[in-house]
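>>> Here's my sequence, what's the structure:
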Amino acid sequence: MYALRARLSVVLLAVCLLFTGQALTTPQRAAAADPGYLMLHFTGEGSTGQQMYLAHSTDGLHWNDLNGGAPILRSTLGTKGVRDPALVRSPDGSKYWIIATDLCWGCGSTVDGSINNGSRSIVVWESTDLINWSQPWLLNVAGAIPDGRNAWAPEAIWDPASNDYVLYWATNVPLDGKTKHRIFYARTKDFRSITTPRIYIDRPGAQELIDTQIVEVPAGVGNYRYVRASGDGQITLEGSNSILGTWTNLGNLSGIGLTGAQVKGPMWMKFRDRNEWTLYLDQYASRGGYMPVTTTNPSDPGSYKLPASGSYNLGVNRKRHGSILPLTAAEETRVLARWASTPAKRLQSYNFQDRYVRHANFDVRIDQNITGPDAQFRLQTGLAGTGTVSFESVNYPGYFLRHANNDFQLVRNDGTTQFAADATFRQVAGLADSTWSSFQSYNHPDRYIRHYAYQLRLDTITTATARGDATFRVTN
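Here you go, the predicted model:
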């Protein structure tokens, strides 16, 4: 009997320990949940849609637009539009680059012009923290290609065999007088200079190829280290054990009803919590936006599955061809803090209540009945210190209202102490009406933002008219 009771006690103790362990470890796993994913993309045609946007997901399937759905970067070079971006992280995580097509359809570029006489350059930004980006520059990638007419949809992947990046993109080199986009490549270490471009993918005959993206696959999954998906009349899958080696045609996705006539813009993502990948495809023919096609083996066309209804959500903004980066915890913290969805606001004049502060050609004034993004600003925590505000443009992110010689301009933040002081203000009770607001200069506290002859200025305020000119309502 004693032995039986002892055995029962051991069993009961084990059961208790089991449930106690589960109770303790489950919250710990939840608290240490993996960080999420960052999608870089553009949204559509027009000067605003063809800029850089971000979205975040915790599971890789349900996405939230960052920065209130406004662009996080805007190109001021070339065509002043950017499409098809790729987000590149260095192997050690110390640098990041955005590379994108220099193209603005519907805002100065025609379809025929961009195909046959488009920009031969791509647009590049660089960062060391994923939130503060350099001024963009143009990298001429197709200028040395004989009869190369453009440069579209750039991508890059680190090649450990040569300790540099393989940069690849599409260029139209006509065949028999007709359009034929092929994929070219060059090597680079810094996205400022490249080796001589060479042909990378060229389909037989007149078949064009524009969009292609490579994913690295871990050992034990399929027979290839790299798999690339290309839009070439189908969504063709190819495998290789070397980025610049021989690629084997593995098949396509026609078996699940997807061809190049329906989808394009392949965008890979590896789920970090399981051995599964998704290949996001842009349903451009039906204008349905991106959808995730999943697989447990990227090199096996028969393993791909269409998504179940309601299994994903792409957020509010339409997502067009881009790339997805799995974030580290530190990266996620920085990104979500920098690109939080701070509401966009307008500044309404007190004594001209049909007029609002707006920028035009980077000059700042008040105009009548302005509702668009030129009159929208995010009141960020002041660049020079807490308890203050700075006005960041919605459609020129990174640009702030700044005074210089008592005049106001919309200027890109250069990161200097002087810029921060010039772009920082204290929000105080309105000088003409305490229910409104006035904005006192941080580095010239005897002066306030005011308008004069409809132009924004920084002035001392000594008259009733000036008090009205220096009073604003922060409104939607």
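>>> Okay, strands next: where are they in the stretch 201-350 of the chain?
212-216, 226-231, 235-240, 248-252, 264-270, 277-283, 289-295, 320-326, 346-349 (DSSP state E, counting those that start in this stretch).
>>> Just checking: what are the partner strands of the fourth one?
Pairing partners of strand 248-252, with direction, according to DSSP bridges: strand 235-240 (antiparallel).
>>> quick one: the partner strand to strand 226-231, angle?
160 degrees (axes from the mean of the first three to the mean of the last three Cα atoms, to 10 degrees).
>>> for this structure, which spans come out with low pLDDT?
Within the chain, the segments meeting pLDDT under 70 span 1-33.
>>> returning to what we had before: make TSV out of the strands of the stretch 201-350 of the chain and add mean neighbour count.
Just so you know, the C-beta spots here come from the backbone N, C-alpha and C atoms, and that holds for glycine as well. Formatted as TSV, the strands of the stretch 201-350 of the chain follow (neighbours: other Cβ atoms under 10 Å):
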stretch	mean neighbour count
strand 212-216	19
strand 226-231	25
strand 235-240	22
strand 248-252	16
strand 264-270	21
strand 277-283	23
strand 289-295	20
strand 320-326	22
strand 346-349	22
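>>> Quick check: beta-bridge partners of the nearest residue to S119 once chain neighbours are set aside?
Leaving aside its chain neighbours, S119 sits nearest to D102 (3.9 Å; criterion: Cβ to Cβ, 6 or more residues apart in numbering). Beta bridges link D102 to V82 when assigned by DSSP bridges.
>>> what number of residues lie near D102?
Look at D102: counted by other Cβ atoms under 10 Å, it has 29 neighbours.
>>> Check V166 too.
19.
>>> My read is that it contacts S242, right?
No - using Cβ atoms under 8 Å, V166 is not in contact with S242, being 10.3 Å away.
>>> Would you map the helices across the stretch 351-476 of the chain?
Ranges of helices within the stretch 351-476 of the chain are 417-422, 464-469, based on DSSP state H, counting those that start in this stretch.
>>> and of those helices, who's closest to S303?
Minimum separation from S303 across the helices of the stretch 351-476 of the chain (Cβ to Cβ) falls at helix 417-422, 52.8 Å.
>>> Tell me which residues touch the residue nearest to P71 when sequence neighbours are not counted, please.
The shortest distance from P71 to any residue other than its chain neighbours is 3.8 Å, reached at Q51 (Cβ to Cβ, 6+ apart). Shown in contact with Q51 (Cβ atoms under 8 Å, 6 or more residues apart in numbering): 42, 71, 73-75, 81-82.
>>> can you tell me how far Q51 sits from S393?
Applying Cβ to Cβ, to the nearest Å, the value for Q51 to S393 is 12 Å.
>>> re earlier: now, of the contacts of Q51, which are buried?
Neighbour counting by 16 or more other Cβ atoms under 10 Å classes 42, 71, 73-75, 81-82 among the contacts of Q51 as buried.
>>> tell me the two of those residues that are most distant?
The distance between the two most remote of the buried ones among the contacts of Q51 (Cβ to Cβ) is 12.0 Å, for L73 and G81.
>>> the helices in the stretch 101-250 of the chain, which residues?
111-116.
>>> if we can go back for a sec, and the buried ones among the contacts of Q51, which is closest to V227?
Nearest to V227 among the buried ones among the contacts of Q51, with distances taken as Cβ to Cβ, is F42, at 24.9 Å.
>>> Tell me who's in contact with the nearest residue to G468 once chain neighbours are set aside.
Nearest in space to G468, with sequence neighbours left out and distances taken as Cβ to Cβ, 6+ apart, is N351 at 3.7 Å. By Cβ under 8 Å, 6+ apart, the contact set of N351 is 432, 465, 468-469, 471.
>>> repeat for G148
Counting by Cβ under 8 Å, 6+ apart, G148 makes contact with 120, 142, 171-173, 184, 197.
>>> Between those residues, identify the one with the most neighbours.
Highest neighbour count within the contacts of G148: N172, with 25 neighbours (other Cβ under 10 Å).
>>> so that residue touches H181, yeah?
Yes - with contact defined as Cβ under 8 Å, N172 counts as touching H181 (5.0 Å).
>>> Turn the buried ones among the contacts of Q51 into CSV, including distance to T342 and secondary structure.
Listed next are the buried ones among the contacts of Q51 as CSV, based on distance: Cβ to Cβ, whole Å; DSSP: H, G, I helix; E, B strand; the rest coil:
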residue, distance to T342, secondary structure
F42, 21, strand
P71, 14, coil
L73, 17, strand
R74, 17, coil
S75, 23, coil
G81, 25, coil
V82, 23, strand
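>>> which of the residues you listed lies closest to Q207?
Set against Q207, the nearest of these by Cβ to Cβ is F42 (26.0 Å).
>>> bridging residues for the nearest residue to T278 once chain neighbours are set aside?
Leaving aside its sequence neighbours, T278 sits nearest to P292 (Cβ to Cβ, 6+ apart; 4.0 Å). Note on P292: beta-bridge partners Y280, judged by DSSP bridges.
>>> My guess is N116 contacts V173. True?
No - judged on Cβ under 8 Å, N116 makes no contact with V173 at a distance of 11.0 Å.
>>> list residues touching both of those two?
R149.
>>> Now tell me what touches stretch 235-244 from outside.
So stretch 235-244 is contacted by 157, 159, 161, 166, 185, 200, 214, 222-230, 246-253, 258-260, 263, 266, 279, 281, 298-299, 301 (Cβ under 8 Å, 6+ apart).
>>> Closest to the centroid, which residue in this structure?
Nearest residue to the geometric centre of the chain (Cα atoms, centre = their mean): L40, 2.9 Å.
>>> I'd like to know how many residues surround L138.
For L138, using other Cβ under 10 Å, the count is 15.
>>> Done for today, thanks.
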